[in-house]
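Peer 1: Turn this into a model:
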Amino acid sequence: QVQLMESGGGLVQPGESLRLACAASGFPLRMYPVTWYRQTPGKARELVASIGISIRGSSSNYAESVKGRFIISRDDDENIVYLQMNNLTPADTAVYYCAAPGRKLWGQGTQVTVSS
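Peer 2: Residues are numbered from 1 along each chain as shown. This is a model prediction of the structure:
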């Protein structure tokens with residue numbers, strides 16, 4: 001089955017870290033750029049980070065709101081893209097989705113809640 005599946009969300013306190021994983025099955029994720037988005041109720045979907053394919057240097061881009069705190073990376077052997085999220089704040093609370101636009105695929109999302 002061709003799909004993306006996110007994992008790693010949860011409830012953390014401000015200042016803590018989480019690592020999200022976007023695992024692909026049924027196709028080689030290494031051939032596609034991957035993007036992480038997040039969305040909260042009543043707000044527009046926000047692009048968080050994106051990463052290119054490894055043979056082109058895995059270039060990454062970040063939203064201004066997460067630069068210096070989040071790191072996107074990929075493990076092509078494991079068919080996974082990660083989003084390391086550090087120094088989390090309540091403003092980072094959202095459902096996080098990964099997408100491979102080149103395959104028109106989205107994951108089901110994983111909830112991240114940052115609260116004291």
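
Peer 1: Leaving out the residues flanking it, which one is nearest to the most centrally placed residue in the chain?
Peer 2: Centroid check for the chain by CA atoms, centre = their mean gives residue 36 as the closest residue, at 3.6 Å. Leaving aside its sequence neighbours, residue 36 sits nearest to residue 48 (CB to CB, 6 or more residues apart in numbering; 4.4 Å). Placement of C-beta: from N, CA and C, glycine included.

Peer 1: List the beta-bridge partners for residue 105.
Peer 2: residue 100 (DSSP bridges).

Peer 1: Do a quick rundown of the strands in the chain.
Peer 2: For the chain, applying DSSP state E gives strands covering 3-7, 10-12, 18-25, 34-39, 46-51, 60-62, 70-75, 80-85, 94-100, 105-106, 110-114.

Peer 1: List the contacts of the residue nearest to the centre of the chain.
Peer 2: Residues near residue 36 by CB atoms under 8 Å, 6 or more residues apart in numbering: 20, 22, 47-50, 72, 81, 83, 96-99.

Peer 1: So for residue 41, what's the pLDDT?
Peer 2: For residue 41, the pLDDT comes out at 89.

Peer 1: burial count for it?
Peer 2: 6 (other CB atoms under 10 Å).

Peer 1: Could I get the pLDDT score of the residue lying closest to residue 52 once chain neighbours are set aside?
Peer 2: Among residues not flanking residue 52 along the chain, residue 59 sits closest, at 4.4 Å (CB to CB, 6+ apart). As predicted, residue 59 sits at a pLDDT of 93.

Peer 1: Could you do residue 56 as well?
Peer 2: Value for residue 56, per-residue pLDDT: 83.

Peer 1: and it, how many neighbours does it have?
Peer 2: Count around residue 56 with other CB under 10 Å applied: 8.

Peer 1: what about it, distance to residue 65?
Peer 2: 26 Å (CB to CB, to the nearest Å).

Peer 1: ditto for residue 29
Peer 2: Using CB to CB, residue 29 is found at 25 Å from residue 65.

Peer 1: More neighbours: which of the two?
Peer 2: More crowded of residue 29 and residue 65, by other CB under 10 Å: residue 29, with 25 against 13.

Peer 1: Much appreciated, bye for now.
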